[in-house]
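Undergrad: Here's a sequence, model it:
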Amino acid sequence: MWQGLYYDPTVNRVIYPRLITDNTEMYTFVLWDVSKEKLVSSLENIYQNYVVFKNTTPTPIWSPDGSQFAFRGEIEVSHELVKFELYRVSRDGEIEQLTNLTSIALIDPSRYSWSPDGSHIAVLIDAWYTHGNTQLAVIDVNTHVVTNYCVPVRGEPIFVPNFGAPIWSPDGKQLLVMDQIGHNRRVILVDIVKNYAAQIAENYDMLGWMVAP
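TA: Numbers count the residues shown, from 1 in each chain. The predicted structure follows:
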């Protein structure tokens with residue numbers, strides 16, 4: 001169930017899962033410099049998991065300009081607490097924590113997307129103990145402010161990297177999300193500037209944002 005390699009747009013950096021040194025039970029992700037053939041950074045400080053749970057592997061998502069990627073970490077702080085937060089990692093391996101949501105919400109590990117200018121990340125969040133109550137939120141990368149738009153994005157995720165993640169408009173002012181109950185699917189347009197949401201299609205899958213020539 002590992003999803004393979006995650007290359008940046010220039011194909012000079014790649015992220016992939018690897019066993020933690022001298023540990024056959026735990027794995028993390030590493031960032032590799034393709035041209036120099038050397039390790040840039042290991043993410044074991046923000047992500048460690050057991051190999052038997054590799055079907056829940058998160059998806060690293062590169063920013064449009066390839067300067068950084070977003071990644072939902074997972075660290076067992078104690079037997080009672082596991083820390084799930086979203087981070088951004090530069091192509092040189094510098095790590096910055098973007099959220100502090102562990103106590104109140106869980107970020108979907110594989111469905112998030114960068115705005116076209118790289119200033120925001122749209123994520124799907126679930127309140128703890130309320131499975132199926134997933135909602136759209138947007139994170140300001142610079143201020144770390146998280147805005148929950150309270151738009152329902154229900155339905156089980158498909159195990160395809162980033163399938164069903166919010167889709168940004170080219171100008172970064174609007175988003176598309178898909179809400180599914182049973183076999184009924186709704187495509188919802190969310191305007192984060194004018195602060196409104198509206199259904200624009202029913203029983204269609206959203207795959208991209210088309211722009212007229």
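Undergrad: Mind listing what's buried along the longest strand along the chain?
TA: With secondary structure taken from DSSP state E, the chain has its longest strand at strand 105-114. For strand 105-114, the buried set under the neighbour-count rule, 16 or more other Cβ atoms under 10 Å, comprises Ala105, Leu106, Ile107, Asp108, Pro109, Ser110, Arg111, Tyr112, Ser113, Trp114. Glycine gets a C-beta too; all of them are placed from N, C-alpha and C.
Undergrad: if you average pLDDT over it, what comes out?
TA: Across strand 105-114, pLDDT averages out at 92.
Undergrad: got the CA positions of that strand in CSV?
TA: Taking Å, rounded to 0.1, in the frame of the first residue of the first chain, the C-alpha atoms of strand 105-114 are listed here in CSV:
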residue,chain,number,x,y,z
ALA,A,105,-9.2,17.7,15.2
LEU,A,106,-7.6,15.2,12.8
ILE,A,107,-6.2,16.3,9.5
ASP,A,108,-6.8,13.9,6.6
PRO,A,109,-3.4,12.4,5.8
SER,A,110,-3.8,12.2,2.0
ARG,A,111,-6.2,14.9,0.8
TYR,A,112,-4.7,18.5,0.9
SER,A,113,-3.6,20.9,-1.7
TRP,A,114,-1.6,24.1,-2.1
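Undergrad: Which strands and helices lie in contact with it?
TA: strand 61-62, strand 68-72, strand 120-127, strand 167-168 (3 or more Cβ pairs under 8 Å, 6 or more residues apart in numbering; DSSP states H and E).
Undergrad: Direction included, what does that strand pair up with?
TA: Counting by DSSP bridges, the strands paired with strand 105-114 are strand 120-127 (antiparallel).
Undergrad: which parts of the strand it pairs with are buried?
TA: By neighbour count on 16+ other Cβ under 10 Å, the buried set for strand 120-127 is His120, Ile121, Ala122, Val123, Leu124, Ile125, Asp126.
Undergrad: okay if I get those residues as CSV plus pLDDT and distance to Trp168?
TA: Rendered in CSV, the data for these read as follows (pLDDT from 0 to 100; distance: Cβ to Cβ, whole Å):
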residue, pLDDT, distance to Trp168
His120, 98, 8
Ile121, 98, 10
Ala122, 98, 7
Val123, 96, 12
Leu124, 94, 14
Ile125, 93, 17
Asp126, 89, 21
